[in-house]
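Chemist: sequence? don't have it. structure:
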DNA sequence: TCAAAAGTGTTACATATACACCCATGC
DNA sequence: GCATGGGTGTATATGTAACACTTTTGA
C-alpha cells in the first residue's frame, strides 16, 4: 500500500480574521520572532487540544489574540495538508475564516497587527494561500448570504454599510441598490432611530440593523428550484 | 493553556461518493466486518500517508474501491474532529465529495454497495453527517456551477440529463428549462449526433456534451457585481 | 394518420441596475 | 435659499418558469 505508514501527525488550526477598517479590508497577523520563517507574518492559531474539536480550538485560540465577543462569525475553509508545508514533524492545518465588525477595535498583542489584504507583507509557510481562500469565500458569500452582519456594527446607516461592502468586495457598491436588495431579502430592518448629519449638513440618515446575526442563505436555488415555490427558497 | 497537550493524532480521509443510478441518487459504502460499529456501513477512505496530501490520499484510496477513471470530480467538504468521533486513539478526518457519471458501473468489492441516499442503512461513526454535507454541497453547486458534468456521461440527451438533475436534486426538473439555462450559460453544446428513438417512436433526441469537464462557476456574482460589467462575471 | 417524444416560441414574472428625482438638515 | 448628503420612484435589462405549439419519428 503505497504512501501509507501512519506516522502520527500534529493538527493545528489557523484563522484568517478579516475586518473592514476605514473602508479597507484587513487581515490579522503576527510577526514570527524565531526561525523558521523568522520575521514573516503568520496567521493566529495553534495546536488542536485533546478535548476540543477544530471549531472550539480556533475560537479558544482567537480569544488569546482578540476578544472573542469581537469575532462575529467563524467558519471552516478547508484543510491544508501538503506533506512538508512546515519544516520538521508533519502538521496538518484546518484553516478558518473569521470576521470582525468594523466598529470593533480589539486590543491585540504587540507582535500582532492588521494588514491591508491587497498589500500583504511576506507571509509564513502557506498562510498567503489561506488568506486568498478566505477572501474568495467572503466575497462569494456576500452575494448570496447575510454574512454582512459579521462585518457591520449592531446598528449602521446605509452609507456605512455601503462602505463596508465596497471595502470587502474591492469594488464600488451603490448604496441605493444595496439597501433595496438586502431589504427585499429580509436581511435589513430600520431601528427607527436616526443618525444626525455631520457639520456639512444633509438629511439625517436612518439607522438599520441586520434582522439575523447568524449565517443564513438568502439567495438559494438561484436556478433549478423546486416547482411551484414561486419566490425564494426558505432555508431554516 | 486549557485544552492543549498536543498528543499526536492520526489523520484519515473519507469520501461520500455519489452517483445517480436509475434516476436515484446513491452513495457508495462498505459494511464493517469487525468492531467497533460491526455491521454498520462506512464510507470509503483510510489513513493519510506520509508523502501525500489529503486530495492525493482520497484519490489513491478511492482507486482501491472503484476505478479512478470513473470518479469525475473530487472536492473537500471539511474536517470532522470531535474528540471521540471514533473509539480509541484520536482520528481527525477530512471528508470529501466524489462524483461518478451515471453511465459508469465500476466493479466494487464484495463488502461494498450503492445505497439510496434517502434510505441509508445504519452508518458507522459520524459518516451519516458527511453524507448529508455531501448532498447539500452537490445540490447547491448544481445551481451555480457546471458540476453536472461529473454526474453525466460524456454524451447524453437532454432527457437523460433531466433525469440526472432530478435524481440529484430530489425534485422534478423541466427538460425545457434545464436545456435553456445550461445552454445560455455556455455549459452545453450539441455534438451533432442524434440518438434514435425507442420502440414507442418519437422524434430522435439530439446528443449534447458539457463544454468543460472541470469545475467552473457559471453564475458568480448573483448580485452586487462590479459596476458596468453588464452580464455574467468571467471566472477563469 | 395517430401517438409519442423532442425541441422551440411566447408570455408572464421576478429581481437587479441605473439614474432621475424628491426629502431633510446645516449654514 | 442653497449646498450636502439621504432616500424613493421609475425605466430598463436580464434571466427563469410555465405552457402552448411545432417537429420528427414508429406503428
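Modeler: Here it is on my side, so go on. Treat the numbers as computed from the prediction; the structure is a model and nothing was measured.

Chemist: Quick check: residue A:206 is in a helix.
Modeler: No - per DSSP: H, G, I helix; E, B strand; the rest coil, residue A:206 lies outside any helix segment and is strand.

Chemist: give the contact list for the residue in chain A positioned nearest to DNA strand D.
Modeler: DNA strand D sits closest to residue A:203 of chain A, with a gap of 2.4 Å, by C-beta to the nearest atom of the strand. Glycine gets a C-beta too; all of them are placed from N, C-alpha and C. For residue A:203, the contact set (C-beta atoms under 8 Å, 6 or more residues apart in numbering or on different chains) comprises residue A:197.

Chemist: Same question for residue A:137.
Modeler: Counting by C-beta under 8 Å, 6+ apart, residue A:137 touches A:75, A:77, A:97.

Chemist: Who wins on neighbours among these?
Modeler: Ranked by neighbour count (other C-beta atoms under 10 Å in any protein chain shown), these have residue A:97 at the top, with 25 neighbours.

Chemist: show me the contacts for that one.
Modeler: For residue A:97, the contacting residues are A:15-16, A:18, A:73-77, A:133-134, A:137-138, by C-beta under 8 Å, 6+ apart.

Chemist: Show the buried residues in these.
Modeler: A:15-16, A:18, A:73-77, A:133-134, A:137-138 (16 or more other C-beta atoms under 10 Å in any protein chain shown).

Chemist: CSV for the residues you listed, including pLDDT?
Modeler: Converted to CSV, these look like this (pLDDT from 0 to 100):
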residue, pLDDT
A:15, 98
A:16, 98
A:18, 98
A:73, 97
A:74, 97
A:75, 98
A:76, 98
A:77, 98
A:133, 97
A:134, 98
A:137, 95
A:138, 96
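
Chemist: Helices - which of these land there?
Modeler: Assigned to helices by DSSP state H, the following of the buried ones among the contacts of residue A:97 qualify: A:133-134, A:137-138.

Chemist: pretty sure residue A:142 is touching residue A:170, no?
Modeler: No - contact criterion C-beta atoms under 8 Å: residue A:142 and residue A:170 do not qualify, at 10.8 Å.

Chemist: Looking at those two, which is more packed in?
Modeler: With neighbours defined as other C-beta under 10 Å, residue A:142 and residue A:170 compare such that residue A:142 has more, 20 against 13.

Chemist: so where does the more buried one fall, helix or strand?
Modeler: Under the criterion of DSSP states H and E, residue A:142 resides in helix A:127-144.

Chemist: what's the next secondary structure element after that helix?
Modeler: helix A:158-169.

Chemist: For that following helix, buried residues please.
Modeler: Within helix A:158-169, the residues that count as buried by 16+ other C-beta under 10 Å are A:158, A:160-169.

Chemist: Which member of these is positioned nearest residue A:124?
Modeler: Using C-beta to C-beta, residue A:168 is the member of the buried residues of helix A:158-169 that lies nearest residue A:124, at 24.4 Å.

Chemist: And the longest strand seen in chain A, what does it pack against?
Modeler: Longest strand in chain A, counting residues (DSSP state E): strand A:10-21. Packing partners of strand A:10-21 (3 or more C-beta pairs under 8 Å, 6 or more residues apart in numbering or on different chains; DSSP states H and E): strand A:24-31, strand A:45-47, helix A:54-65, strand A:73-80, strand A:91-99, helix A:127-144, helix A:158-169.

Chemist: nearest to residue B:103, of those?
Modeler: Across the helices and strands packed on strand A:10-21, closest to residue B:103 is strand A:73-80 (C-beta to C-beta), at 30.6 Å.

Chemist: if I look at the residue of chain A closest to DNA strand D, how far off is residue A:174?
Modeler: 18 Å (C-beta to C-beta, to the nearest Å).

Chemist: ok, back up a step: state the distance from the residue of chain A closest to DNA strand D to residue A:189.
Modeler: Distance from residue A:203 to residue A:189, by C-beta to C-beta: 20 Å.

Chemist: do residue A:124 as well
Modeler: Distance from residue A:124 to residue A:189, by C-beta to C-beta: 43 Å.

Chemist: Which of the two has more residues huddled nearby?
Modeler: The residue with more neighbours, out of residue A:124 and residue A:189, is residue A:124; 19 against 12, by other C-beta under 10 Å.
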